[in-house]
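> Return a 3D structure for these sequence lines:
(chains A and B)
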Amino acid sequence: MAHQIIATSRSATGIPTGRLAVWWVVASEIFIFGGLIAAYLLNRFLHGSWAQEAAVTNTFIGGINTFWLLTSSWFVVIAHHYSEQRDAKKTRQFLWLTILLGGFFMGFKFVEYYKEISHGMTLFTNNFWSFYYTATGLHGFHVLCGMVIMAIIAEGDIKNERNWHRVENIGIYWHFVDIVWIFLFPLLYIAK
Amino acid sequence: MAEVATADVSHDDHHHEHEQTFWSKYVFSTDHKIIGFQYLFTGIAMAIIGGYFAYVFRMQLAFPGSSVPFFGIVSPSAYNSLVTNHGTIMIFWVAMPVLIAAMGNFLIPLMIGCDDMVFPRVNRLSYQIFLLSAIVLIASFFVPGGGFGGAWTAYPPLSALAKYNATPFGAPMWLIAVALEIVAFLLGGINFITTAMNARAKGMRMYDIPIVVWMIVIASMLFMASVGPLVAGAVMLLFDQTLGTTFFDASAGGDPVLWQHLFWFFGHPEVYVVLLPAMGIVAEVMCTFARKKLFGYKLILYATVGLGILSFFVWAHHQFISGVDPRAAYLFTTTTLLISIPVAIMLFAYIATLYGGSIQFTTAMLFALSFLAEFLIGGVTGIWLGSSGTDIYLHDTYFVLAHFHYTFFPIAIIGTFTAIYYWYPKMFGRMMNETWGKIHFWGTIIAFNGIFLPLFFLGAAGQHRRIYNYQNFPDLAGDNMQDLRVFATISLVIMLLFQIPFVINFIVSLKRGKKAGKNPWKANTLEWVAPSPPPHGNFPDGMPEVYRGPYEFAHPDREDDYWPQNEPGNQKPANK
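Reported below is the predicted structural model:
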């Protein structure tokens, strides 16, 4: 059934439908992470002792990971820039650089998890650590999904005129994942 | 580009129509109408299960300990499982799929003059995830320990620990089913919102959109914004259930009330998520059968937006006895009483729409009118429950139960019947039998009041919810009280029996009903421009253009008392 649906090509708002949908996806994700972060904050205010737990988290690795993610966001912007010039080679290149930095983030995350778990801080240690693993795990899952989708976009039929907008769409999502980390990093690592 | 695409469609259609097999046409279709039907029939099937559950536990309450026909002896744990899953099914697997997903899928592309949703394959995925969620839920009734029995609100610690709920498999499966269902509706909701924003027919401005489309879109937005925290909460509760974390376990420093906040932050807007599509359906039907323009289109729209925003600030009125701060209770009482204002505005606008109209009492119109009357009772009794003072006495009694059934029944059941009787000709190309429709209507409405009016009295007399057998509580087992319970149960059985004429009417009319033609009700909105039933692509005579608002009935300059949106005319009356 390869027929063209009229609905898909219409744009009453002037915003391409794909981008519009990504913004709504981001909106729904904001509420998911918002709920989790709000639940964490409520607990944090109630339990002063969590400050000692937060002091144990590895601020150095967290900081490096922030650097990887922020830089990757910059790369995805460059990829978008080249996609607007229809430069497939450069777009691909910068998408893969973004994925690479996402991979660094995940790699450092695993090292961090490994160190914490080997020191006895697991999902079950107490509720701070439960929140820590749930929030960073959910975020890491989003990073991973973003990397996979980005690889599909980079290796898919990128030169097709119908597919160029995908670069911008994944960029929006990637920025969102980045911003979630900007919230998680101070809340879980820095605030003592 | 768009022009070329348009030409392609009409050619492709004729070729593909013959090649489709049953599977590709009805099971793996991406056509919005078929997906709408899939949602509708799955919803109806789940409603039969939910109704059966209600029958079983009402029989247990009326005749405790005796064997229930078609079920057997009801054990306490079976009772808990039945009431829990009755609530869950009726909200998540009946009201949501039928009112939002089925009606949204069927109506939005037709009403905005388009050939499909903007993401047809996402739409199909949404239904498949929904179907999976229903299968998981049904499967949970048959695992060791039985289905989850911790009430549809799933408060921890009862819901979190298998040692309390005794359903080590049922509880997590219930939660996974709900989570899958949420994912399905997030996908569907994004589709509805983007479709309504981007795929409107040429000339359809913001205020030319039929009100039911607005309502479904606003409901989808409310759902999206309210359900996020519950998703996070569901992940946490699932971890508590299966991995052994202690997010909600007070003995390990967790906070069980946190779940109540996360749940009701979703749970209260959810009421409006299902209410709005029903209000929209009723508005369409009332305008058509009163032959009048909707009174205060913009007023209703703005009231709806106000209602949506306010609905995020009322959730703690479910928790007045959960140990919330009395100052917070005062605040939430205020917001709860405030939220009755936009609802009242909408109801008054509907009544004003009827005023002076030439009303035709079709079955759809009767259901629409009864929606107003029954929902009003539900709304007014909510005032007592929203006020923290009276709620402390009435909390968790049958008064609450009767109250929310007087809101949810009009929404989920009356709203659905209104929609089916009204859009059946469009859906299947034939008319339903009006006489049997009216028999169905009166049987349903009278019996419905027979079920729930007595429960108000029982609740006010102190009858607590969630009690398996009132004979164990001498104060609640007086003769009068038991008589009222029996009366309610008999009413329920009568109401369920009165659904048989509906089912027969529905099935027989598919083949034997009078041919409907394009526009049997002489309505204005774009779905009536398409043939009945609309073919793949919806508008074979070319995509319609819009020249005016959706409710131009009895216009003084016209001979006909209706003026379809797509008919070119001299002037373009703005919708004021």
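
> B:Ala412 - nearest residue in space that isn't next to it in sequence?
Distances taken as CB to CB, 6 or more residues apart in numbering or on different chains place B:Ala95 nearest to B:Ala412, at 3.9 Å, with adjacent residues excluded. In this view, the C-beta of every residue, glycine as well, is placed from N, C-alpha and C.

> now swap in B:Ala78 and tell me
Here the residue nearest B:Ala78, using CB to CB, 6+ apart, is B:Gly146, at 6.6 Å.

> which stretches of chain B have low pLDDT?
B:1-19, B:570-576 (pLDDT under 70).

> sorry, back to before: go ahead and confirm the residue nearest to B:Ala412 touches B:Pro410.
No: if you go by CB atoms under 8 Å, B:Ala95 and B:Pro410 don't touch, sitting 11.0 Å apart.

> Following element in sequence after the one helix or strand B:His268 maps to, please.
Using DSSP states H and E, B:His268 maps to helix B:256-290. If you walk from helix B:256-290 toward the C-terminus, the next helix or strand you reach (DSSP H and E) is helix B:297-310.

> Identify each buried residue in that following helix, please.
B:Tyr297, B:Leu299, B:Ile300, B:Leu301, B:Ala303, B:Thr304, B:Leu307, B:Gly308, B:Leu310 (16 or more other CB atoms under 10 Å in any protein chain shown).

> For the closest residue to the last one other than its chain neighbours, the count of nearby residues, please.
The shortest distance from B:Leu310 to any residue that is not its chain neighbour, by CB to CB, 6+ apart, is 4.6 Å, and that residue is B:Ile339. Residues near B:Ile339, counting by other CB atoms under 10 Å in any protein chain shown, number 23.

> Any figure for the gap between B:Ile339 and B:Gly267?
From B:Ile339 across to B:Gly267, the span is 14 Å (CB to CB, to the nearest Å).

> Same check on B:Lys298?
30 Å.

> residues in contact with the residue nearest to B:Ala412?
Residues near B:Ala95 by CB atoms under 8 Å, 6 or more residues apart in numbering or on different chains: B:Val274, B:Phe408, B:Ile411, B:Ala412.

> now A:Ile5
B:Val9, B:Asp115, B:Asp116, B:Val118, B:Pro120.

> at 10 Å what do you get?
Residues in contact with A:Ile5 (CB atoms under 10 Å, 6 or more residues apart in numbering or on different chains) are B:5, B:8-9, B:30-32, B:109, B:114-120, B:199, B:537.

> between B:Ala95 and B:Pro410, what contacts are shared?
B:Leu275, B:Ala278.

> wait, isn't B:Met292 in contact with B:Gly357?
Careful, residue B:292 is Lys; it's not Met. Yes: with contact defined as CB atoms under 10 Å, B:Lys292 reaches B:Gly357; the gap is 4.1 Å.

> Let me know how buried B:Lys515 is, in neighbour terms.
Residues near B:Lys515, counting by other CB under 10 Å: 10.

> Which residues lie in contact with residue 169 in this structure?
Since you didn't name a chain, this refers to chain A. Applying CB under 10 Å, 6+ apart, the residues near A:Asn169 are A:Pro16, A:Gly18, A:Arg19, A:Leu20, A:Ala21, A:Val22, A:Trp23, A:Val25, A:His80, A:Ile149, A:Ile153.

> look at chain B instead
If you count contacts by CB under 10 Å, 6+ apart, then B:Phe169 has B:Ala139, B:Ser140, B:Phe142, B:Val143, B:Pro144, B:Gly145, B:Gly146, B:Gly147, B:Phe148, B:Ala162 around it.

> From those residues, list the buried ones, please.
Using 16+ other CB under 10 Å, the buried ones in the contacts of B:Phe169 are B:Ser140, B:Gly145, B:Gly146, B:Gly147, B:Phe148.

> Out of these, which is nearest to chain A?
B:Phe148 (22.0 Å; CB to the nearest CB).

> Just among the contacts of B:Ala95, which is most surrounded?
Of those, with other CB under 10 Å as the count, B:Ile411 tops at 28 neighbours.

> Look up the closest residue to that residue, ignoring the ones flanking it.
Nearest to B:Ile411 is B:Ala278, by CB to CB, 6+ apart, at 4.4 Å.

> shouldn't the one you found be in contact with B:Gly378?
No: counting by CB under 10 Å, B:Ala278 does not reach B:Gly378; the two are 11.8 Å apart.

> quick one, which of the two is more surrounded?
B:Ala278 (31 against 21).

> element containing A:Val77, please.
A:Val77 belongs to helix A:59-84, assigned by DSSP H and E.

> Flag every buried residue along that helix.
A:61-62, A:65-66, A:68-69, A:72-73, A:75-76, A:78-80, A:82-83.

> same thing with stretch B:462-477?
B:Gln463, B:Tyr468, B:Tyr470, B:Leu476.

> so which of those comes closest to chain A?
B:Tyr468 (33.3 Å).

> Report the contact partners of that closest one.
B:57, B:60-61, B:64-65, B:74-80, B:83 are the contacts of B:Tyr468 under CB under 10 Å, 6+ apart.

> Drop anything exposed from the residues you listed.
B:Phe57, B:Gln60, B:Leu61, B:Pro64, B:Val74, B:Ser77, B:Ala78, B:Tyr79, B:Asn80, B:Val83.

> Beyond the least confident helix or strand in chain A by mean pLDDT, next helix or strand please.
Here the helix or strand of chain A ranked lowest by mean pLDDT, DSSP states H and E is helix A:6-9, holding a mean of 85. For helix A:6-9, the following helix or strand on the C-terminal side (DSSP H and E) is helix A:17-46.

> Report the mean per-residue pLDDT for that next one.
Helix A:17-46 shows a mean pLDDT of 94.

> So which elements touch that helix?
Counting contacts by 3 or more CB pairs under 10 Å, 6 or more residues apart in numbering or on different chains; DSSP states H and E, helix A:17-46 is packed against helix A:6-9, helix A:50-56, helix A:127-155, helix A:165-185, helix B:170-198, helix B:211-242, helix B:256-290.

> sorry, back to before: tell me, what's touching B:Ala278 and B:Gly378 both at once?
B:Thr407, B:Phe408, B:Pro410, B:Ile411.

> wait, isn't B:Lys293 in contact with B:Gly549?
Yes: here B:Lys293 reaches B:Gly549: they are 7.8 Å apart, a contact under CB under 10 Å.

> Would you mind telling me which of these two has more residues around it?
B:Gly549 (24 against 21).

> Check the gap between that one and chain A for me.
As judged by CB to the nearest CB, to the nearest Å, B:Gly549 and chain A stand 17 Å apart.

> That residue: what secondary structure?
coil (DSSP: H, G, I helix; E, B strand; the rest coil).
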